[in-house]
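Chemist: need a structure here:
(one chain, ligands or ions: 1)
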Amino acid sequence: MKKFSHLLITILLVLSSCLGAFAQDKGFIPPPTEWDETYDVVVVGGGVAGLAAAYASHMAGADTVLIEKMPFVGGNSIINGGIYASYTSKLNLNEKLGLPPGNPEVHIQDSIAGGDNLPDPKLVEQFVYGSPVMLNLLLDNGLKVRDMLTRVGGHSEFRTYTTENQGGVDIVVTQYEMIKRENIPVQLNTKMVYIYREEPMKGNVLGIKVQTKEGTKNIRALNGVVLATGGFSADIAMRQLHVPWIDPSVPTTNHVGATGEGIKLAQQVGANTIHMSHIQLYPFADPNTGILDLVAVIPCNGPGFGMVYVDSNGERYVNEAERRDVNSMAALNSNGFPTFAIFNEEMIDLFTTREDLAWGMERNRVIKAATLEELVEKLNSLPFKGENINMNVNTLKATIERHNTFVENGVDEDFGKAIEPGMTRAMYAGPYYAIPQWPSVHHTMGGVTITPEAKVTDIWGEVIPGLFAAGEVTGGIHGTNRLGSNAVADALVFGKIAGEVAATGKAPVWPGLDK
Ligand code: ADP
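Modeler: Below is the predicted model:
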């Protein structure tokens, strides 16, 4: 009997270890013995993070290729608002605009507080100290920015730059020209479908398998693969897996390619993920389409200067200078759909341009009126998703008058907004402007875990040799909520780190962190 039970236990142990091995190997594809193409560094994804990584890797001497699944580069980066947080730059805008010098440590504190203390300080430190370096690099390569600095929600300093055309396209075009000038190969319509590792969950990452119109091919990465594949705001199933209420009825500002497979493929080789349930809604998207167009950036740049947000009844519903998550939830819980950003003629030059407003007025995205009465009349006659609102003019007038007294007295008694002397304006006279706005899924804060050297770590906390990541595909940098204008800086800085570390094994050292 004793002999029999020993035998049974042995059989069970062998069986369970076979099953375990089977489960671990499931989905594992052994690396090819022969590769179709070989490079030192393979960068996957052509948004700002991937473009920065490819450029940095090439400039550091590595034979580099950029892989992009869409017929064009740019990803979400090309359709974002072109705003960039940096505590300083070679333009000395702070001095020019009469602002005190920016403080990197305050930028770090704001970013960590803005993500409810979940951001990893070591990662935040990298992007904050690296952001002026990357901005200066773009400026040296022809990027133009407007002569203004804004205080975007959650930031306590005026540190946000806006590109000339107020669009991420300005940055992507600058980067793409840098890539072309260096003859760095870019393969479009080429989708990564697998990451090769030596063994299931073990060993070096060796390369990737890609799908093209002609079929599949295997690309060897001698030094490493850089994942820069962006987030998953456009993948409704993946979104809902982590946040069930963000269902198909909630629109997105994202491009169709923001489907998160880069994260899943990394998980397949053991990568860890973090903060996947933190998904940001952009509070100021076009209410009819959910798109972040040229006009939708204006409400983001305005609050530091006295812009007021009102609900469909003309009442304030939030501290306008608050973070995006606070603004979005307040809008969703306000008097109803949609809400409006209100400002007047005197403020225009502080945070926008007449050209952008004219563009918006042609499309009914900006409503202009000589008086508040006329403004309300126009808003009430304009359908939003086929429905008309019924704003009360006296309510709106009372709201603006009350806000004016707050500006005069330096204290926002209703919502506690910081009134900045000399910066925050009251609205005493028309013409007035209104921009309709509503939340739309914008940024997925979660993603693969990385070290400050952009090395991807696995579920046991170990570095996965040969796998790097940068940009929205990563998690841990923004916590529960990313502050507006931090994303492009983060993606560019970690793109450079990932590219350089993949190429040389050494990370760049930023001024201020070089002691
Ligand atoms: P980031 O701001 O982090 O650079 P973007 O969304 O701007 O992110 O860019 C990510 C890019 O990665 C997009 O252009 C997207 O089409 C591309 N991408 C996503 N998944 C893949 C994939 N599986 N293979 C190749 N490219 C991908």
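Chemist: Break down the stretch 251-400 of the chain into its helices, ranges please.
Modeler: Assigned by DSSP state H, counting those that start in this stretch, the stretch 251-400 of the chain shows helices spanning 261-268, 298-301, 324-332, 348-351, 354-362, 372-381, 393-409.
Chemist: in this protein, what spans have low per-residue confidence?
Modeler: 1-26, 515 (pLDDT under 70).
Chemist: For it, which residues are neighbours of the ligand?
Modeler: Residues of the chain lying near the ligand by C-beta under 6 Å from any ligand atom: 44-50, 67-70, 75-77, 191-192, 228-230, 257-258, 261-262, 471-472, 491. In short, each C-beta sits where N, CA and C put it, glycine included.
Chemist: For the ligand, give me its nearest residue in the stretch 401-515 of the chain.
Modeler: Among the residues of the stretch 401-515 of the chain, G471 lies closest to the ligand, at 2.3 Å counting by C-beta to the nearest ligand atom.
Chemist: excluding its backbone neighbours, what's nearest the residue of the stretch 251-400 of the chain at minimum distance from the ligand?
Modeler: Nearest residue of the stretch 251-400 of the chain to the ligand (C-beta to the nearest ligand atom) works out as G257 at 3.3 Å. Distances taken as C-beta to C-beta, 6 or more residues apart in numbering place M70 nearest to G257, at 5.1 Å, with adjacent residues excluded.
Chemist: The residue of the stretch 401-515 of the chain closest to the ligand reaches F494, doesn't it?
Modeler: Yes - the pair G471 / F494 is scored as a contact, 6.5 Å apart, by C-beta atoms under 8 Å.
Chemist: more neighbours, these two?
Modeler: Comparing G471 with F494 by other C-beta atoms under 10 Å, the one with more neighbours is G471, at 35 against 31.
Chemist: Identify the residues contacting that one.
Modeler: Contacts for G471 were tallied using C-beta atoms under 8 Å, 6 or more residues apart in numbering; they are G45, G47, V48, A49, G50, A228, G230, D490, A491, F494, G495.
Chemist: chain center to whichever strand or helix holds the fourth one, what's the gap?
Modeler: Translated: A49. A49 is part of helix 48-59, with elements assigned from DSSP states H and E. Mean C-alpha position of helix 48-59 versus that of the full chain (C-alpha atoms, centre = their mean, to the nearest Å) differs by 18 Å.
Chemist: With stretch 28-46 instead?
Modeler: Here stretch 28-46 shows a centroid-to-chain-centroid distance of 28 Å under the convention C-alpha atoms, centre = their mean.
Chemist: Could you tell me how far L97 is located from R146?
Modeler: 11 Å (C-beta to C-beta, to the nearest Å).
Chemist: Tell me the secondary structure at the residue in the stretch 101-250 of the chain that the ligand sits nearest to.
Modeler: Nearest residue of the stretch 101-250 of the chain to the ligand: G230, at 2.8 Å (C-beta to the nearest ligand atom). Under DSSP: H, G, I helix; E, B strand; the rest coil, G230 falls in the coil class.
Chemist: which residues touch the residue lying closest to it once chain neighbours are set aside?
Modeler: Closest residue to G230 apart from its sequence neighbours, by C-beta to C-beta, 6+ apart: E472 at 4.7 Å. Residues in contact with E472 (C-beta under 8 Å, 6+ apart) are G47, A49, N76, G230, G231, A258, H443, T444, G447, A487, A491.
Chemist: With neighbour count added, can I get these in a markdown table?
Modeler: A markdown table is the format used below for these (neighbours: other C-beta atoms under 10 Å):
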| residue | neighbour count |
| --- | --- |
| G47 | 33 |
| A49 | 35 |
| N76 | 26 |
| G230 | 31 |
| G231 | 32 |
| A258 | 24 |
| H443 | 25 |
| T444 | 31 |
| G447 | 30 |
| A487 | 30 |
| A491 | 33 |
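Chemist: How many residues are close by N486?
Modeler: Neighbours around N486, by other C-beta under 10 Å: 31.
Chemist: can you pull the contacts of it?
Modeler: N486 neighbours (C-beta under 8 Å, 6+ apart): A85, S111, F127, H478.
Chemist: Quick check: of those, which lies closest to G27?
Modeler: H478 (29.8 Å; C-beta to C-beta).
Chemist: so where does the closest one fall, helix or strand?
Modeler: Using DSSP H and E, no helix or strand contains H478.
Chemist: count of residues packed around it?
Modeler: 31.
Chemist: Could you do E68 as well?
Modeler: 26.
Chemist: Got the phi and psi for it?
Modeler: When read as degrees, to the nearest 10, the backbone of E68 gives phi -140, psi 130.
Chemist: Check whether V210 really touches I67, as I assumed.
Modeler: Yes - in this structure V210 lies within contact range of I67 using C-beta under 8 Å: 6.1 Å.
Chemist: Name the residues contacting each of those two.
Modeler: With contacts taken as C-beta under 8 Å, 6+ apart, V210 and I67 have Q187, T190, M192, I219 as neighbours in common.
Chemist: Assumed the third one was part of a strand.
Modeler: Spelled out, it's M192. Yes - per three-state DSSP, M192 lies within a strand segment.
Chemist: In contact with it, which residues?
Modeler: So M192 contacts V44, I67, K69, I208, K209, V210, T229, E261, G262, L265 (C-beta under 8 Å, 6+ apart).
Chemist: In a markdown table: these, plus neighbour count.
Modeler: As requested, the contacts of M192 are exported to a markdown table (neighbours: other C-beta under 10 Å):
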| residue | neighbour count |
| --- | --- |
| V44 | 29 |
| I67 | 28 |
| K69 | 23 |
| I208 | 23 |
| K209 | 19 |
| V210 | 23 |
| T229 | 34 |
| E261 | 17 |
| G262 | 27 |
| L265 | 20 |
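Chemist: can you confirm P465 is in a helix?
Modeler: No - counting by three-state DSSP, P465 is located in no helix; its state is strand.
Chemist: picking up where we left off before, out of the contacts of E472, flag the one nearest to T424.
Modeler: Ranked by distance to T424 (C-beta to C-beta), the contacts of E472 are led by A487 at 25.6 Å.
Chemist: Using the three-state scheme, assign the closest one.
Modeler: Put simply, A487 is helix when judged by three-state DSSP.
Chemist: Which residues does the residue lying closest to it once chain neighbours are set aside form beta bridges with?
Modeler: Spatially, and ignoring its direct neighbours in sequence, A487 is nearest to H443 (6.3 Å; C-beta to C-beta, 6+ apart). In this entry, H443 is beta-bridged to Q280, by DSSP bridges.
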